[in-house]
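Peer 1: Pasting a predicted model and its sequence here:
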Amino acid sequence: MQNQSCVTEFVFLGLSENPNVQKLIFIICLLVYIVTIGSNMMIVVTIACSPTLQGSPMYFFLAFLSLLDASFSSAMTPKMMVDSLYERKTISFEGCIIQLFAEHFFGGAEMIVLTAMAYDRYVAICKPLHYSSIMTRRLCGTLVGVAWAGGFLHSTVQIVFTLQLPFCGPNVIDHFMCDLSPLLELACTDTHIFGLLVVANSGLICIIIFFLLLVSYCFILVSLRSHSSEGRWKALSTCGSHIAVVVLFFVPCIFIYARPHTAFSFDKMVAIFYTMLSPLLNPMIYTFRNKDMKNAIRKVWNQLITVSNEK
C-alpha cells in the first residue's frame, strides 16, 4: 500500500495557546530538562567511575536506564521548549516520523531494561547462592543488546504502520509531540485496523510486561519471609524503588496505548508523566533510597572537585 500523503508538516496545539502560560511552560520545561539530564548523567558518570559499583549487575542496568532516560527526554523536551516560544508550533512530516521513532525506540528499550532489573532483583533475593553464576557479564551484556534490538524492532513496526497512512489535508495535532493516536485521527482512511495493530504492538506489550513485573515482585515479596529483618528491609527498600519506577512508567503508557485510538483532552497530561516526569524522578528514586549510590556519588564528585582544584 503506497502512501498518498500530501501533508508536509504538522501543527501542534501544545499544552496551551496562551502566550503567558507558554512562557511559564518554557521555564518549567527548561528546569525539568536541565535537572533530568544532569541527574541521569551524574548516575552514569558515578557508576562508570566507581569500582565498587561497576561490577554489580544492578548498577550496570541502572547506568543504562539513566542513559535511556536522558535520551528519551532529549527526544521530546527540547522541541517542546522551542515550540513554547512560538505562536505557531510546527514540525515537518519527516521530523514527526523521527520523533515518533525515537519515542518508541527509547521507550521500548526501557521496558526491557526494567524487566532485566526485576529479574536481577529476583535472582539476588530468591537465589542468592547462584547470583554470581547466573548474572554474569555476558548475560548482562546480552540483556542490554536485547533491549536495543527490542526497542528498534518495536519502533520500526510503529513507523511502518504510520508510513502506510495517507494524510491528505488535516494537519493540526492536539498534542505537544507526534504520537500514534493523534496521527491516526488525522489519517484520510479507515484506521480501525491500524488502531488494533497499535494496541497489539504497544498496549498489549505494556500490559504483558507490567503483569510479568508484578508477578516477579510478588515472588520476591513472598520469599522475603525467610530473610532476617535487616535483609528484608534492605530488599524491600531496593524493590520499592523499582516498583515506583515501573508504576510511573507503565501505568501512563497502558492508559495511552492499551485502548482504542480515541483522543481524550487529558491525554497530553498523562503523556507528560512518561515523557518528562518519569525520566526526572527515576534518578531521585534510585539515589535517595540507596545508601551505596549516595556514598559513591559523594566520593566520586569529591574526587573530581579535588582534581579540578589541583589544576
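Peer 2: That came through, no problem. Numbering: from 1, shown residues only.

Peer 1: Pull the number of nearby residues for the nearest residue to residue 80 once chain neighbours are set aside.
Peer 2: Spatial nearest neighbour of residue 80, chain neighbours left out: residue 176 (5.1 Å); criterion: Cβ to Cβ, 6 or more residues apart in numbering. The C-beta positions use only the backbone N, C-alpha and C, and glycine is treated the same way. Counted with other Cβ atoms under 10 Å, residues neighbouring residue 176 total 25.

Peer 1: next one: residue 163
Peer 2: By other Cβ under 10 Å, 13 other residues sit near residue 163.

Peer 1: Next one: the residue sitting nearest the centre point of the chain relative to residue 268, how far apart?
Peer 2: When the chain is reduced to its mean C-alpha position, the closest residue under Cα atoms, centre = their mean turns out to be residue 107, at 4.6 Å. Separation of residue 107 from residue 268 (Cβ to Cβ, to the nearest Å): 17 Å.

Peer 1: just the helices in the stretch 201-311 of the chain please.
Peer 2: 204-223, 229-257, 267-272, 278-288, 291-310 (DSSP state H, counting those that start in this stretch).

Peer 1: what angle separates the longest one from helix 291-310?
Peer 2: Here helix 229-257 points in a direction 90 degrees away from that of helix 291-310 (axes from the mean of the first three to the mean of the last three Cα atoms, to 10 degrees).

Peer 1: In three-state terms, label residue 29 for me.
Peer 2: Here residue 29 is recorded as helix under DSSP: H, G, I helix; E, B strand; the rest coil.

Peer 1: Now name the helix or strand holding the residue nearest to it when sequence neighbours are not counted.
Peer 2: Leaving aside its chain neighbours, residue 29 sits nearest to residue 81 (4.6 Å; criterion: Cβ to Cβ, 6+ apart). Using DSSP states H and E, residue 81 sits within helix 57-83.

Peer 1: need the contact list for the residue nearest to residue 80.
Peer 2: By Cβ atoms under 8 Å, 6 or more residues apart in numbering, the residues touching residue 176 are 12, 14-15, 80, 83, 89, 268, 271.

Peer 1: Quickly check these for the two that are furthest apart.
Peer 2: For the contacts of residue 176, the maximum inter-member distance is 15.4 Å, found between 89 and 271 (Cβ to Cβ).

Peer 1: any idea how far the residue nearest to residue 80 lies from residue 169?
Peer 2: For residue 176 relative to residue 169 (Cβ to Cβ), the value is 22 Å.

Peer 1: With residue 61 instead?
Peer 2: 46 Å.

Peer 1: Which one's more surrounded, the two?
Peer 2: More neighbours surround residue 61 than the other of residue 61 and residue 169, with 25 against 10 (other Cβ under 10 Å).

Peer 1: Identify the residue nearest that one in space, chain neighbours excluded?
Peer 2: Nearest residue to residue 61, sequence neighbours excluded (Cβ to Cβ, 6+ apart): residue 117, at 4.7 Å.

Peer 1: which non-adjacent residue is nearest residue 130?
Peer 2: residue 123 (7.2 Å).

Peer 1: Residue 134 is in contact with the one you found, correct?
Peer 2: Yes - between residue 123 and residue 134 there is a contact at 5.2 Å, judged by Cβ atoms under 8 Å.

Peer 1: Of these two, which one has the most company?
Peer 2: In this view residue 123 and residue 134 are compared by other Cβ under 10 Å, and residue 123 has more residues nearby, 19 against 14.

Peer 1: Return the distance of the more buried one relative to residue 201.
Peer 2: Taking Cβ to Cβ, one finds residue 123 at 29 Å from residue 201.

Peer 1: Helix 57-83 and the least confident helix or strand in the chain by mean pLDDT, what's the angle between them?
Peer 2: Across the helices and strands of the chain, mean confidence by mean pLDDT, DSSP states H and E is lowest for helix 291-310: a mean of 77. Here helix 291-310 points in a direction 70 degrees away from that of helix 57-83 (the same axes, to 10 degrees).

Peer 1: Residues contacting helix 291-310, please?
Peer 2: Against helix 291-310 from outside (Cβ under 8 Å, 6+ apart): 42-43, 45-47, 49-50, 52-53, 59, 286-288.

Peer 1: Can you pick out the most distant pair from these?
Peer 2: Spatially, the most separated pair among those is 49 and 288, at 20.2 Å (Cβ to Cβ).

Peer 1: who has more neighbours, these two?
Peer 2: Neighbours of residue 49 and residue 288, each counted by other Cβ under 10 Å, are more numerous for residue 49; the result is 15 against 10.
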